[in-house]
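A.B. asks: sequence? don't have it. structure:
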């Protein structure tokens, strides 16, 4: 009898952890933040990655979890493991009469466009896309602007004058990362060489690790990745090399990845505020202001991209001063960063 209750509790918690992709906040006796609010059902379909990618999928899901906490929304995610699962996953939420269905990547744009046209009463949101459909709220970012700033950091920090970039797939959104990074390096260190490697996937840590090893072996001491879960492999490779005495760095993406991988290998991160955008559009729907048929574009001026707030831990003060100088030039329109 001494072990029966603890074992029953452990079994219960394990079953809950395995099956809980839905978060429901029933509220409290006094109503709290949910009092008088419309409680929406919001679904989210990731790209072919993981909800725990430490990057854009996780950022979007954290936004929905915050909506659950703040307003009691019912939120759920699905993770397609192949292209063939994308449409069925999206349809699950449409047929389930969810108020809003999010798609977290540009690679889902065709599926969202088709379903939105076939289901005009359903509402969709999509990240990293500029599709214009009446019942779709599209969010696009000026990744090239934030990437320019971390390019400035890389260009002024490198000791070898060789810098790497790992992209997930060679698609417009990732090309914007590469273009901005390249221009930032060139602006402050035109002698530096940029080594580019496209992994071809967003969900293979091993491929990212191999790509990073190749770039480091070519003499680069800093790698910027825009590769989702694949990019986590760059951190794994850097950690091993750091342990062997090599002075190498990774620049993270989307979130402040130093919080996950540590300050010893994370030089800085290019923050892309997917979480804030998803949160705001979802809340706008509840407030009767859903921006369907519109593309919301967020850059430095709109506070949609930036460098990590922890950058001062590893980036020299004079480098951060140069970053601020360029930030103001971009915001004012004095310089325009190319998208390709």
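C.D. replies: Happy to help now that I have it. In this text, all values refer to a predicted model and were calculated from it rather than measured experimentally.

A.B. asks: Is the residue nearest to residue 43 when sequence neighbours are not counted part of a helix or strand, or is it coil?
C.D. replies: Leaving aside its sequence neighbours, residue 43 sits nearest to residue 93 (CB to CB, 6 or more residues apart in numbering; 3.4 Å). Glycine gets a C-beta too; all of them are placed from N, C-alpha and C. Secondary structure assignment for residue 93 (DSSP: H, G, I helix; E, B strand; the rest coil): helix.

A.B. asks: Might you report the residue contacts of residue 93?
C.D. replies: Residue 93 makes contacts with 43, 45, 76, 78, 101, as judged by CB atoms under 8 Å, 6 or more residues apart in numbering.

A.B. asks: Of these, which belong to strands?
C.D. replies: If you go by DSSP state E, these have 43, 45, 76, 78, 101 in strands.

A.B. asks: From residue 284, how far off is the most centrally placed residue in the chain?
C.D. replies: Centroid-nearest residue in the chain, with CA atoms, centre = their mean: residue 56, separated by 1.9 Å. As judged by CB to CB, to the nearest Å, residue 56 and residue 284 stand 20 Å apart.

A.B. asks: Could you do residue 54 as well?
C.D. replies: In terms of CB to CB, residue 54 sits 27 Å off from residue 284.

A.B. asks: More neighbours: these two, which one.
C.D. replies: Neighbours were counted for residue 54 and for residue 284 using other CB atoms under 10 Å; residue 54 has more, 21 against 16.

A.B. asks: ok, for the more buried one, nearest residue in space, not its chain neighbours?
C.D. replies: Per CB to CB, 6+ apart, closest to residue 54 is residue 260, 4.9 Å.

A.B. asks: is it true that residue 130 touches residue 141?
C.D. replies: No. Residue 130 is beyond contact range of residue 141, at 10.5 Å (criterion: CB atoms under 8 Å).

A.B. asks: Looking at those two, which one has more neighbours?
C.D. replies: residue 141 (25 against 15).

A.B. asks: who's in contact with that one?
C.D. replies: Neighbour list for residue 141: 128, 173, 272, 274, 297-299, 304-305 [criterion: CB under 8 Å, 6+ apart].

A.B. asks: Of the residues you listed, keep whichever come out buried.
C.D. replies: Taking 16 or more other CB atoms under 10 Å as the criterion, what is buried in these is 128, 173, 272, 274, 298-299, 304-305.

A.B. asks: Among those residues, which one lies nearest to residue 60?
C.D. replies: residue 274 (5.3 Å; CB to CB).

A.B. asks: sorry, back to before: in JSON lines, list the contacts of residue 93 along with neighbour count, distance to residue 184 and pLDDT.
C.D. replies: Listed next are the contacts of residue 93 as JSON lines, based on neighbours: other CB atoms under 10 Å; distance: CB to CB, whole Å; pLDDT from 0 to 100:
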{"residue": "43", "neighbour count": "24", "distance to residue 184": "37", "pLDDT": "97"}
{"residue": "45", "neighbour count": "29", "distance to residue 184": "33", "pLDDT": "96"}
{"residue": "76", "neighbour count": "20", "distance to residue 184": "39", "pLDDT": "97"}
{"residue": "78", "neighbour count": "18", "distance to residue 184": "36", "pLDDT": "96"}
{"residue": "101", "neighbour count": "28", "distance to residue 184": "36", "pLDDT": "98"}
